[in-house]
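> when you get a sec, could you give me coordinates for this:
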Amino acid sequence: MKYSPSGGAVRVVLELRDGEAVLTVADDGIGVLPEDLPRLGAPYVRGTGRAATFAGMGVGLYVARLVAEAHGGSLALESDGEGKGTTVRVRLPLS
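Okay, here's the model as predicted:
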């Protein structure tokens, strides 16, 4: 919600797929620059562009990724670029 415009929609979906719980959080917010996608999720790394104007330390996605991986899962980011929103997908095995 932090990176979405006031009143912007944030969609949260939980699905069961192929023995995994897949949690998807998507918004129509500021988006992520393509060159930032591979770097985000590392400790103390923040996005550039509009993301740099928001307060933060660059630990939120890192902690979420560590938690997902500690449970045998993964965290992935998708964005079509600045101004086009972001999707975060967490996959966790059910067995």
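
> can you map out the strands along the chain?
Using DSSP state E, the strands of the chain run over 10-17, 20-27, 74-78, 87-93.

> any idea how far Ala9 lies from Val90?
19 Å (C-beta to C-beta, to the nearest Å). In short, each C-beta sits where N, CA and C put it, glycine included.

> ugh, wrong one, I meant Pro34
Between Pro34 and Val90 the distance is 21 Å, computed by C-beta to C-beta.

> that older thread, so which of Ala9 and Val90 has more stuff around it?
Set Ala9 next to Val90 and count neighbours by other C-beta atoms under 10 Å: Val90 wins out with 20 against 12.

> how much space separates that one from Gly72?
Taking C-beta to C-beta as the measure, Val90 falls 12 Å from Gly72.

> follow-up on the earlier one: can you add mean pLDDT and distance to Leu66 and give the strands of the chain back as a markdown table?
Formatted as a markdown table, the strands of the chain follow (pLDDT from 0 to 100; distance: least, C-beta to C-beta, whole Å):
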| stretch | mean pLDDT | distance to Leu66 |
| --- | --- | --- |
| strand 10-17 | 96 | 20 |
| strand 20-27 | 97 | 15 |
| strand 74-78 | 96 | 9 |
| strand 87-93 | 97 | 12 |
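
> these: which one's closest to Thr48?
strand 74-78 (14.2 Å; C-beta to C-beta).

> indicate each strand paired with that closest one and its parallel or antiparallel sense.
strand 87-93 (antiparallel) (DSSP bridges).
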